[in-house]
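> Build the 3D model from these lines:
(one chain, ligands or ions: 2)
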Amino acid sequence: MNCREDYLEWDEYFMATAFLAAKRSKDPSTQVGACIVNEDRVIIGVGYNGMPKGCEDGEFPWGKHSDDSLKNKYMYVCHAELNAVLNKNTANIKNCKIYVALFPCNECAKVIIQSGIKEVIYLSDKHAHKKTTVASKKMFDAVGVRYRQFVPKHSKIVIDFNQINWDNMNQLPDTPIKNRKDFE
Ligand SMILES: Nc1ccn([C@H]2C[C@H](O)[C@@H](COP(=O)(O)O)O2)c(=O)n1
Ligand SMILES: [Zn+2]
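Ligands and ions are numbered 1, 2, ... in the order given. Model (predicted):
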């Protein structure tokens, strides 16, 4: 039997991990995830955008259109990249890569640079026109942090919790069809 050919490539795997982390975000409008990977292709930190620990969701705003900036989320929310760096499980993250759904803002760019991350792989650059993004690129260019866009081969990666059961069943030729219904 030959090995599978439709397995995830490394970039897909790490970007998908970032997107899975984003599913934890409580931000009603934009959920962002980030995944930091070391030189051995080991994930050493994952994060998503959220309120700081202890800042209760009921007490802090998720809106963004109030004239009073204290009533908007931007004052409080921690970005996915920041959380991924803070969540790292190793002291040294020099020469790591960070996979992130959106191009990092200038504040995250500072954190990325200071932590020693050397490459940013992003999916969307939809805020390219904003000064925060221009500033990020200016800093990355100045210090030699590489950045490149990830172009997915598959627009969707489906996680089906039932699949593990189906695969096992398929390896058992005698399994009655009626039992397979339990896993549908
Ligand atoms: N690179 C980024 C960009 C944005 N975020 C977070 C910050 C907010 O929670 C949300 C953006 O909200 P929007 O202005 O689209 O309503 O995404 C991030 O974590 N990393
Ligand atoms: Zn940011």
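> Please list the residues of this protein that sit near ligand 2.
Counting by C-beta under 5 Å from the ion, the residues of the chain close to ligand 2 are 79, 105, 108. Glycine gets a C-beta too; all of them are placed from N, C-alpha and C.
> Most neighbours out of those residues, which is it?
residue 108 (26 neighbours; other C-beta atoms under 10 Å).
> Can you pull out the low-pLDDT segments for this protein?
Within the chain, the ranges that satisfy pLDDT under 70 run 167-184.
> Tell me the residues of it that contact ligand 1?
27, 29-30, 32, 49, 64, 73, 77, 79-81, 100, 102, 104-105, 108 (C-beta under 6 Å from any ligand atom).
> In strands only, show me the residues you listed.
Counting by DSSP state E, the residues of the chain next to ligand 1 place 100, 102 in strands.
> With respect to residue 144, which of the residues of the chain next to ligand 1 is nearest?
residue 104 (15.5 Å; C-beta to C-beta).
> Spit out the contact partners of that closest one.
Listed by C-beta atoms under 8 Å, 6 or more residues apart in numbering, the contact set of residue 104 reads 79, 81, 98, 112, 120, 122, 136.
> didn't residue 154 look like it was pressed against residue 11?
No: the pair residue 154 / residue 11 is not scored as a contact, 11.6 Å apart, by C-beta atoms under 8 Å.
> More neighbours: which of the two?
Taking neighbours as other C-beta under 10 Å, residue 154 and residue 11 compare with residue 11 leading, 17 against 11.
> and the helix or strand where the more buried one lies, how far from the chain's centre?
Assigned by DSSP states H and E, residue 11 belongs to helix 10-22. Relative to the centre of its chain, helix 10-22 is centred 6 Å away, using C-alpha atoms, centre = their mean, to the nearest Å.
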